[in-house]
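Enquirer: got a sequence here, can you model it:
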Amino acid sequence: MSKLYFYYSAMNAGKSTVLLQSSYNYHERGMRTLLFVPAIDTRAGAGLVRSRIGLEAPALPLPADEDVFAHVKAAHATQPVACVLVDEAQFLTPAQVAQLSDIADTLRIPVLCYGLRTDFQARLFPGSAALLGLADNLIELKTICHCGRKATMNLRIGADGRAVREGAQVEIGGNDRYVAMCRRHFKEALASCHPATPP
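Expert: This is a model prediction of the structure:
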């Protein structure tokens, strides 16, 4: 039986690296994969999954209104798809997560989603909330705080390097904008932070 998997973590846990390794494993056995990345995330360039250690692969950009089930069904009809992989899955819409579950259940293709669980205010992203509810398997990928404990929180920082408490839920950025922290240090950073400055 094919399943829907959600690999979640804080920032900088190697999610994209694990995704690319999983896709490579299928390719090495002569199997086809489809890689998707939400179109909103263009840090690596449109339609590209790139890891911090330099690995990359082309991916299909996924607009918020795209029916991912219809896309995969059409692709599978022309050439069998062994696995569907989605990077930055927190940016999926709940409808797209439901479509991914249909890919696993109806098309019987395993779906591997990789993303953040919560935003910089410790609130669930809509896509992550839907995945937590629908995924067959939840797998935590771990990273560490500067203190050595497990990092579970994503601290947003301003240009001055100080914590930011307010702002839009989605603000695309990497190490220049976010720091993975344990809950204790996340709380301490927020206690001494300033509100976000208007753009």
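Enquirer: need the residues that contact the top helix by length along the chain.
Expert: Using DSSP state H to define each element, the chain has its longest helix at helix 15-28. Outside helix 15-28, the residues that touch it by Cβ atoms under 8 Å, 6 or more residues apart in numbering are 7, 9, 32-33, 35, 49-53, 55-57, 82-83, 85, 87, 112, 114-115, 141. Using the backbone N, CA and C atoms, a C-beta is placed for each residue, glycine as well.
Enquirer: before we move on, what about stretch 49-56?
Expert: Identification of contacts with stretch 49-56 by Cβ under 8 Å, 6+ apart yields 12, 14, 16-17, 19-20, 35, 37, 43-44, 48, 57-59, 87, 174.
Enquirer: send me that stretch as PDB with only the CA atoms.
Expert: Output of stretch 49-56 as PDB, limited to C-alpha atoms (Å, rounded to 0.1, in the frame of the first residue of the first chain):
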ATOM      1  CA  VAL A  49      15.300  21.900  -5.300                       C
ATOM      2  CA  ARG A  50      18.600  22.800  -3.800                       C
ATOM      3  CA  SER A  51      20.200  21.700  -0.600                       C
ATOM      4  CA  ARG A  52      22.500  23.700   1.600                       C
ATOM      5  CA  ILE A  53      25.300  21.300   0.900                       C
ATOM      6  CA  GLY A  54      25.100  22.000  -2.900                       C
ATOM      7  CA  LEU A  55      23.000  19.100  -4.200                       C
ATOM      8  CA  GLU A  56      20.200  20.200  -6.600                       C
END
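Enquirer: check contacts around residue 152.
Expert: 10, 117, 182, 183.
Enquirer: which ones are touching the closest residue to the second one other than its chain neighbours?
Expert: Think residue 117. Spatially, and ignoring its direct neighbours in sequence, residue 117 is nearest to residue 8 (4.3 Å; Cβ to Cβ, 6 or more residues apart in numbering). Contacts were defined as Cβ under 8 Å, 6+ apart; by that measure residue 8 touches 114, 115, 116, 117, 128, 131, 132, 138, 139, 140, 141.
Enquirer: on the pLDDT front, check residue 8 for me.
Expert: On pLDDT, residue 8 comes in at 94.
Enquirer: what are the phi and psi angles of it?
Expert: Taking degrees, to the nearest 10, you get phi -120, psi 160 for the backbone angles of residue 8.
Enquirer: same deal with the one 3 residues further on?
Expert: The phi and psi torsions at residue 11 (degrees, to the nearest 10) take the values phi -60, psi 150.
Enquirer: which one of the contacts of stretch 49-56 is nearest to residue 147?
Expert: residue 12 (15.0 Å; Cβ to Cβ).
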